[in-house]
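> kindly generate the corresponding structure for this input.
(one chain, ligands or ions: 1)
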Amino acid sequence: MGIFIKLGWYFKREWKTYSTGVIGLLFTALLGIVPPWIIGRLVDLIHRGQLTVKALVFLLVLLTVVSFAQYLARYVWRTAIWGESAKLEATLRERLFWHYMQMDTQFFQEYRTGDLMAHATNDLSAIQRVAGGGILQFADSIITGGTTLIAMMTVVDWRLTLIAILPFPFLAVMARVLGKKMHNAFKKSQAAFSRLNNKAQESISGVKVIKSFGQEKDDMDEFNGQVDDTININRHVNKLDALFDPITTMIMAVSYVLTIVYGGHLVISETITLGSLVSFVSYLSMLVWPMFAIGMLFNTLERGNASYDRINNVLNKKSKILDKQNGVAQEARGDLQYELDSFSFPDEQQENLHNIYFTIKEGGTLGLVGKVGSGKSSVIRLLLRQFDDYQGTIYFGGIDIRDYQLDALIPAIGYVPQETYLFSNTIRENIRFARPEASQKEVEQAAAKSDLAQQIATFPAGYDTQVGEEGISLSGGQRQRIAIARALLIDPELLILDDALSAVDAETETEILQTLRTERQDKTTIIASHRLSSVMNADEILVMDDGKIIERGRHAELMRQNGWYADTFKLQALETEEKEGGFNG
Ligand SMILES: Nc1ncnc2c1ncn2[C@@H]1O[C@H](COP(=O)(O)OP(=O)(O)OP(=O)(O)O)[C@@H](O)[C@H]1O
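Got it, this is the predicted structure:
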């Protein structure tokens, strides 16, 4: 019952609708007593040979009126209770989704996507069932069960009632025990299904890799193994299900036998009429559902309780990135001053970044280069406030970036990562993702700046071409350029290209960077890249190694230093020459 208390805030908030629902249920139950009584009267009148046309018409009209009133009462409780439960699910779903949107990078490292999805689907459904089915089972077992029992005792006979319901507690216990087993089996079946789903999704997504390594057969065997597993688990569920129905029928049969034996005796001894016995049998069948309801109630509540705790656990996780409510609200702009003494990723023992100091004047360009894993992206991630826990301060326009409201800082930054995420939508919507109100002309300008406009013109539906699973497949370079157009459309104060042109050929990259230089003269840019030619025009280039700056300066200065930068630059120039030579020759 704990879950009812936990959901108390919701029942309190929606008490009017819930009261309407319960009153509707009460009326349905009270009206339900009438039809069996009418049938009993009819049987008595026929039995005694006293049935007149007038009496018949009266009883039939009464039956029709009661059925119609019951229809209305059912409509009222159904819309009230089911409607409320759907509303609760929507409320919690919105809350959970908003929470996900607020959480920091660490949260998404801690929880697997599959689990977060399960919270937003299975767990919410279980809670919804408490507010719908749970309330119904609770109210029904008390209201319908109670009124029917009272009717049986008062309208017919209390001793017959007690004897007839003797086997009923078994029904409730059965519903509980088997229900629990069913629940566990069902959970296993869902987990197996989810594993199968993941496997299918992974195999389909990774089909190119599977085929290129000739692993089709092994992958197929693994998939088949999981299919067999799922089938076996589902067979078990079906077996349990098959146990349930016959046992119910058996228990009901015992109850009917007791009723007929003792009820027959009462009719013969003229304690009750034949009609009353007929009414009684109808009432008895009406008690089956409330008995089930009691048994099912516990399972519904248990599942709901566990799900509520799981969701609450996630909701209670606070983002480590605090959005200062009274922080600076004006959009960030100005010089960027990076004064980082040290930074370690959460739960990391060693230092990941050490003594990173640099300043980029507003409108300047910084190049970040270095070996794989040298810390280029880490420097950028701190700027994006993915992590706030470090020694030192990063100033944007003279203000600590942690003192801005997130809404003032993040829109000032256009970030383009190496791996682009495109939504299953049109090219236009993908480009204007961060500014949905942008006009077609603005979208086209952004596409032109990222050297994409001509290619879009060749797509089947131009800017309306669908991207993603149901649309065309784009090359890595095209995807990257859509991401750049997306960032350029917001015309950010600070544009960060984190290896964002790696899939684009050197010539196109040079063109795009040239356009950016002329178009963004008064705006700041950071370019992290493995291709050194992309940063050679930067105002300052930082060469990173193992989380530290090992060389710094302009291109010419770095070339004179004859260090990692000069060596790598020469090597890359040689490679390009060879490629071009090979191509021309
Ligand atoms: N969330 C994390 N937790 C712990 N360590 C991390 C995390 N993210 C990155 N690292 C580590 O930090 C180091 C620097 O990574 P980073 O991605 O900044 O390098 P990079 O220079 O951008 O590399 P690349 O050129 O491959 O993009 C790597 O050793 C990496 O394993």
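
> name the SS class of residue 421, please.
Put simply, residue 421 is coil when judged by DSSP: H, G, I helix; E, B strand; the rest coil.

> okay, it: pLDDT?
What the model reports for residue 421 is a pLDDT of 85.

> also residue 506?
81.

> in contact with residue 174, which residues?
244, 247-248, 251, 295 (CB atoms under 8 Å, 6 or more residues apart in numbering). The way it works is simple: take the backbone N, C-alpha and C, and place the C-beta from them, glycine included.

> burial of the nearest residue to residue 442 once chain neighbours are set aside, as a residue count?
In space, not counting the residues next to it along the chain, residue 442 is nearest to residue 489; the distance is 6.3 Å by CB to CB, 6 or more residues apart in numbering. Number of residues near residue 489 (other CB atoms under 10 Å) recorded here: 22.

> my guess is residue 489 contacts residue 438. True?
Yes: counting by CB atoms under 8 Å, residue 489 does reach residue 438; the two are 5.6 Å apart.

> just the closest of the contacts of residue 174 to the ligand, please.
The nearest member of the contacts of residue 174 to the ligand, counting by CB to the nearest ligand atom, is residue 295 at 48.2 Å.

> what pLDDT does that closest one get?
69.

> could you number the chain from 538 rather than 1 from now on?
OK, 538 is where the count begins now, so the last one is residue 832.

> what about the residue in the stretch 588-737 of the chain that the ligand sits nearest to, helix or strand, and which?
At 6.1 Å from the ligand, residue 646 is the closest residue in the stretch 588-737 of the chain, using CB to the nearest ligand atom. Counting by DSSP states H and E, the element that carries residue 646 is helix 642-647.

> regarding this protein, what is its longest helix?
Criterion DSSP state H: the longest helix present in the chain is helix 753-805.

> and the next helix or strand past it?
Trace forward from helix 753-805 with DSSP H and E and the next one is helix 811-823.

> near the ligand, which residues of this protein?
For the chain, the residues in contact with the ligand (CB under 6 Å from any ligand atom) are 882, 885, 889, 907, 909-915, 1036.

> from those residues, which ones fall inside strands?
Using DSSP state E, the subset of these located in strands is residue 907.

> minimum pLDDT in the residues of the chain next to the ligand, which residue is that?
Ranking those by pLDDT, residue 885 lands last with 85.

> low pLDDT regions in the stretch 738-887 of the chain?
Within the stretch 738-887 of the chain, the ranges that satisfy pLDDT under 70 run 782, 832.

> can you give me the helices for the stretch 538-687 of the chain?
Ranges of helices within the stretch 538-687 of the chain are 539-543, 545-550, 552-569, 571-584, 590-639, 642-647, 650-655, 661-666, 672-688, based on DSSP state H, counting those that start in this stretch.

> want to throw these into TSV with mean pLDDT, distance to residue 817 and mean neighbour count?
Shown next, in TSV, are the helices of the stretch 538-687 of the chain (pLDDT from 0 to 100; distance: least, CB to CB, whole Å; neighbours: other CB atoms under 10 Å):
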stretch	mean pLDDT	distance to residue 817	mean neighbour count
helix 539-543	85	34	15
helix 545-550	91	36	13
helix 552-569	92	14	18
helix 571-584	91	8	18
helix 590-639	92	18	15
helix 642-647	84	60	15
helix 650-655	77	48	13
helix 661-666	90	33	22
helix 672-688	87	9	21
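
> give me the beta-bridge partners of residue 897?
Beta-bridge partners recorded for residue 897 (DSSP bridges): residue 873.

> that older thread, against the ligand, how distant is the residue nearest to residue 979?
25 Å (CB to the nearest ligand atom, to the nearest Å).

> OK, contacts around that residue?
Here residue 1026 is in contact with 968-969, 971-972, 975, 979-980, 983 (CB under 8 Å, 6+ apart).

> closest one of these to the ligand?
Nearest to the ligand among the contacts of residue 1026, with distances taken as CB to the nearest ligand atom, is residue 971, at 23.1 Å.

> hang on, the earlier thing: mutual contacts of residue 1026 and residue 975, please.
Common contact partners of residue 1026 and residue 975 (CB under 8 Å, 6+ apart): 968-969, 983.

> which one of the helices of the stretch 538-687 of the chain lies closest to residue 921?
Closest to residue 921 of the helices of the stretch 538-687 of the chain, according to CB to CB: helix 642-647, at 9.1 Å.

> run the chain-centre distance for the helix holding residue 646.
Distance of helix 642-647 from its chain centroid, counting by CA atoms, centre = their mean, to the nearest Å, is 15 Å.

> pretty sure residue 838 contacts residue 668?
No: the criterion here is CB under 8 Å, and residue 838 misses it with residue 668 at 11.1 Å.

> between these two, who's got more neighbours?
residue 668 (26 against 20).

> show me what contacts the closest residue to the more buried one other than its chain neighbours?
Nearest non-adjacent residue to residue 668, counting by CB to CB, 6+ apart: residue 622, 4.0 Å away. By CB under 8 Å, 6+ apart, the contact set of residue 622 is 665-670, 672.

> how about a cut-off of 7 Å?
665, 668-669 (CB atoms under 7 Å, 6 or more residues apart in numbering).

> okay, those residues in TSV with distance to residue 630 next?
Shown next, in TSV, are these (distance: CB to CB, whole Å):
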residue	distance to residue 630
665	9
668	13
669	15
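
> just the buried positions in stretch 962-978, please.
For stretch 962-978, burial by neighbour count (16 or more other CB atoms under 10 Å) applies to 963-970, 972, 975.

> circling back to that earlier point, quick check: angle from the longest helix of the chain to helix 811-823?
160 degrees (axes from the mean of the first three to the mean of the last three CA atoms, to 10 degrees).

> can you name the residue of the stretch 688-837 of the chain nearest to the ligand?
For the stretch 688-837 of the chain, CB to the nearest ligand atom, closest residue to the ligand: residue 746, 19.9 Å.

> now tell me what touches the helix or strand encompassing that residue from outside.
Element membership for residue 746, per DSSP H and E: helix 744-749. With contacts defined as CB under 7 Å, 6+ apart, helix 744-749 is touched by 740, 753, 756.

> the last one against residue 737, yeah?
By that I understand residue 756. No: distance between residue 756 and residue 737: 10.6 Å, which falls outside the contact criterion (CB atoms under 7 Å).

> pick out whichever of these two has more residues nearby.
A direct count of neighbours by other CB under 10 Å for residue 756 and residue 737 places residue 756 higher, at 18 against 13.

> can you mark which positions in stretch 852-869 are buried?
Buried residues in stretch 852-869, counted by 16+ other CB under 10 Å: 858, 864-865, 868-869.
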